[in-house]
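A.B. asks: here you go, sequence then predicted model.
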Amino acid sequence: MNTPIFHKLLQFQKEDRYPFHMPGHKRRLSNEISGEMFSWDITEIDGFDELHDPSGIILDSMEELREFYGTRKTWYLVNGSSSGNMAAIGAAFLPGDTILLGRNCHKSVYQAVELFGLKPVYLYPDYESSLSMYGGIDPEKVEKLLDETGDIKGVFLTSPTYEGVVSDIKAISQICRKKGVLLLVDEAHGAHFPFSDYFPESAVRKGADLVIQSLHKTLAVPNQGALLHLCSDRVEEERVRKYQSMFQTTSPSYVLLASMEYGIAHGRIEQQLWREYETMLEVYRAKWVNELKNLHLVKKEDFKNSHVYDYDKGKLVISTKDGNLTGKELSEKLLFSYYLQMEMSEKSYFIAMTSYLDTKEGFQRLDDALCRIDKRMEPKEKQEIYIEPVSCEQVLIPHIAVNQKKKWIDFDRAEGQIAGDYVYLYPPGSPILVPGEKINAKVLEKIQEYLYNNMEIKGLSKHQLCILES
């Protein structure tokens with residue numbers, strides 16, 4: 001039998017590729033777990049408790065989490081924050097409820113909306129055209145939509161965004177409580193916030209009712225490690241327990257459970273590593289702001305028109321709008337010429353994800369590469385037109401649309417048709433089109449823009465789109 005995955009990983013270990021991407025352990029944290037992986041890979045045998053009905057060591061560990069985070073209850077998630085998003089929506093809403101949904105939410109949120117038959121009302125974050133990226137959520141927009149749509153049961157937002165933008169969760173939570181609706185926050189990219197005052201304050205302490213965090217993104221935890229926090233008494237604990245169990249495997253990995261427990265403890269103990277990390281961020285961020293000419297390090301002050309409440313400096317977002325190369329091209333250059341793997345790339349920027357386990361050598365390599373590339377780049381001769389995010393008319397709710405008969409149609413004949421499947425840029429996985437939406441010329445133009453710049457679009461097949469049969 002061939003073992004292509006196994007052999008690819010063996011080959012990968014021999015490469016000198018530095019990870020400016022998740023998971024946050026950066027492949028350098030050696031501990032008891034890594035050496036004992038197979039001997040620790042057990043099932044729910046006597047004395048080792050049960051994730052779905054904890055009463056022993058797992059319950060004790062969850063109590064430690066509850067005390068550290070200051071929540072009413074915190075659950076381990078072995079199926080990642082995607083399962084947490086789906087569980088939170090299942091616990092907070094009933095079929096047919098209306099949900100106010102940040103349009104830049106992860107695809108797992110849309111899948112939950114579809115699964116539970118919810119009616120979405122979309123809330124578009126402010127768009128910073130100078131950077132070609134979303135900013136934050138305007139609390140006034142939240143209040144306005146809640147007033148205009150009286151039957152909304154709750155609000156689901158993403159903060160921080162993939163690019164590190166943090167919305168004013170406290171102000172939004174106060175509005176939600178005044179209106180009697182729930183607030184759920186996907187804080188997948190902010191799991192490190194509670195570990196250092198250098199970073200923004202977590203939504204857990206800002207008034208959200210349910211918060212989901214991906215430990216593996218920025219902490220010393222392997223992929224799939226996440227947490228679901230119940231932060232108020234406005235959602236029934238039993239419903240959260242039920243749905244977090246429903247969306248997780250019945251055979252949870254004890255290696256992953258132990259890794260999450262260890263990773264959180266490591267983050268709490270290793271305060272010197274956090275201080276060194278924060279110093280590196282300050283030094284290099286200041287250097288790149290002052291010295292880069294054709295590349296631009298994004299900072300909070302760049303969001304002039306988009307209600308950015310706070311910003312995660314651990315996200316190194318490099319804009320390429322002033323130079324003659326795209327974010328995708330720059331990301332590939334960093335990989336193939338400098339062996340630096342970025343987290344993601346867009347048309348006009350790329351993202352290097354960092355954590356407190358990044359090394360001085362890694363930062364120095366990135367600094368050297370950026371400075372060399374910046375000097376060789378040419379300024380852009382003329383500014384390109386960047387198409388802002390496009391809204392589409394919702395004809396059917398996703399739950400109804402996905403259960404209709406569908407067909408595939410050539411891209412250039414799709415205008416006016418009803419989308420039968422999701423179309424999204426990956427990563428981060430926020431939909432461009434949602435099932436049940438009427439396809440317009442602007443959204444087709446946006447998809448064409450991504451395709452022209454060799455971005456990875458999911459939901460297309462040989463230049464065709466899935467639509468509902470008329």
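C.D. replies: Received the coordinates, thanks. For clarity, every value in this text was computed on a predicted model and none was experimentally measured.
A.B. asks: and the helix or strand containing Leu330, how far out from the chain's middle?
C.D. replies: Using DSSP states H and E, Leu330 maps to helix 327-338. Centroid separation for helix 327-338 versus its chain: 22 Å, with C-alpha atoms, centre = their mean, to the nearest Å.
A.B. asks: checking Ile432 next. Helix, strand or coil?
C.D. replies: Secondary structure state of Ile432, per DSSP: H, G, I helix; E, B strand; the rest coil, is strand.
A.B. asks: picking that back up, contacts for the helix holding Leu330?
C.D. replies: Residues outside helix 327-338 that contact it (C-beta atoms under 8 Å, 6 or more residues apart in numbering): 17, 295, 318-320, 325, 340-342, 344-350, 365-366, 368-369, 373, 453-455. The C-beta positions use only the backbone N, C-alpha and C, and glycine is treated the same way.
A.B. asks: if we go to 7 Å?
C.D. replies: Applying C-beta atoms under 7 Å, 6 or more residues apart in numbering, the contact partners of helix 327-338 are 320, 340-342, 345-350, 365, 369, 373, 453-455.
A.B. asks: and the residues you listed, which of them are buried?
C.D. replies: Neighbour-count burial (16 or more other C-beta atoms under 10 Å) applied to the contacts of helix 327-338 gives 320, 340, 342, 345-350, 365, 369, 373, 453, 455.
A.B. asks: wait, Met344 sits on Ala352?
C.D. replies: No: contact criterion C-beta atoms under 7 Å: Met344 and Ala352 do not qualify, at 9.6 Å.
A.B. asks: give me the more crowded residue out of the two.
C.D. replies: Each of Met344 and Ala352 has its neighbours counted (other C-beta atoms under 10 Å); Ala352 has more, 25 against 22.
A.B. asks: what's the spacing between the more buried one and Phe363?
C.D. replies: Applying C-beta to C-beta, to the nearest Å, the value for Ala352 to Phe363 is 10 Å.
A.B. asks: Cys392 touches Ala441, doesn't it?
C.D. replies: No: if you go by C-beta under 7 Å, Cys392 and Ala441 don't touch, sitting 10.7 Å apart.
A.B. asks: comparing those two, which shows the higher neighbour count?
C.D. replies: Cys392 (18 against 11).
A.B. asks: still on that earlier bit, nearest to Ala88 among the contacts of helix 327-338?
C.D. replies: Nearest to Ala88 among those: Glu346, at 27.4 Å, using C-beta to C-beta.
A.B. asks: residues near the closest residue to that closest one other than its chain neighbours, how many?
C.D. replies: The spatially closest residue to Glu346, leaving aside those adjacent along the chain, is Gly327, at 5.0 Å (C-beta to C-beta, 6 or more residues apart in numbering). Per other C-beta under 10 Å, the neighbour tally for Gly327 reads 25.
A.B. asks: residues near the closest residue to Phe247 other than its chain neighbours, how many?
C.D. replies: Using C-beta to C-beta, 6+ apart and skipping the chain neighbours, the partner closest in space to Phe247 is Ser83 (4.1 Å). Burial of Ser83 is recorded as 24 neighbouring residues (other C-beta under 10 Å).
A.B. asks: please identify the helix or strand for Ser83.
C.D. replies: Ser83 belongs to helix 80-92, assigned by DSSP H and E.
A.B. asks: quick check: mean pLDDT across that helix?
C.D. replies: Averaging pLDDT along helix 80-92 yields 98.
A.B. asks: which elements pack onto it?
C.D. replies: Secondary-structure packing of helix 80-92 (3 or more C-beta pairs under 7 Å, 6 or more residues apart in numbering; DSSP states H and E): helix 107-115, strand 182-186, strand 210-214, strand 226-230, helix 237-246.
A.B. asks: contacts for the next helix or strand after the last one, please.
C.D. replies: Scanning forward in sequence from helix 237-246, with DSSP H and E defining helices and strands, the next element found is helix 254-269. For helix 254-269, contacts defined as C-beta under 7 Å, 6+ apart pick out 31, 33, 37, 40-42, 48, 58, 61, 76, 78, 195, 215, 219-222, 224-225.
A.B. asks: please apply the same query to stretch 58-68.
C.D. replies: Everything outside stretch 58-68 that qualifies as a contact, by C-beta under 7 Å, 6+ apart, is 49, 51, 54, 73-76, 227, 257, 261.
A.B. asks: flag every buried residue along the helix holding Leu330.
C.D. replies: Buried-residue list, helix 327-338, by 16+ other C-beta under 10 Å: 327-334, 338.
A.B. asks: distance to Thr249 and pLDDT added to those, as TSV?
C.D. replies: Output for the buried residues of helix 327-338, formatted as TSV (distance: C-beta to C-beta, whole Å; pLDDT from 0 to 100):
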residue	distance to Thr249	pLDDT
Gly327	36	92
Lys328	35	92
Glu329	40	93
Leu330	38	96
Ser331	33	95
Glu332	36	95
Lys333	40	96
Leu334	36	97
Tyr338	39	96
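A.B. asks: any chance of a markdown table for those, columns distance to Pro398?
C.D. replies: Converted to a markdown table, the buried residues of helix 327-338 look like this (distance: C-beta to C-beta, whole Å):
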| residue | distance to Pro398 |
| --- | --- |
| Gly327 | 30 |
| Lys328 | 30 |
| Glu329 | 35 |
| Leu330 | 35 |
| Ser331 | 32 |
| Glu332 | 34 |
| Lys333 | 39 |
| Leu334 | 37 |
| Tyr338 | 42 |
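A.B. asks: closest one of those residues to Phe247?
C.D. replies: Ser331 (32.4 Å).
A.B. asks: spatially nearest residue to that closest one (excluding sequence neighbours)?
C.D. replies: Distances taken as C-beta to C-beta, 6+ apart place Ser345 nearest to Ser331, at 3.8 Å, with adjacent residues excluded.
A.B. asks: got the phi and psi for that neighbour?
C.D. replies: Dihedral pair for Ser345: phi -140, psi 150, per degrees, to the nearest 10.
A.B. asks: same check on the one 4 residues further on?
C.D. replies: Backbone dihedrals for Tyr349, given as degrees, to the nearest 10, come out at phi -160, psi 170.
A.B. asks: enumerate every residue touching it.
C.D. replies: 133, 317-320, 327.
A.B. asks: narrow the residues you listed to those in helices?
C.D. replies: Gly327 (DSSP state H).
A.B. asks: out of the contacts of Tyr349, show me where the pLDDT dips lowest.
C.D. replies: Comparing those by pLDDT, Met133 comes last, at 89.
A.B. asks: what is the burial count for it?
C.D. replies: 25.
A.B. asks: list the contacts of the nearest residue to it once chain neighbours are set aside.
C.D. replies: Distances taken as C-beta to C-beta, 6+ apart place Glu163 nearest to Met133, at 5.5 Å, with adjacent residues excluded. Contacts here follow C-beta under 7 Å, 6+ apart; on that basis Glu163 touches 133, 315, 317, 351.
A.B. asks: farthest-separated two in the residues you listed?
C.D. replies: Counting by C-beta to C-beta, the most remote pair of the contacts of Glu163 is Met133 and Lys315, 11.4 Å apart.
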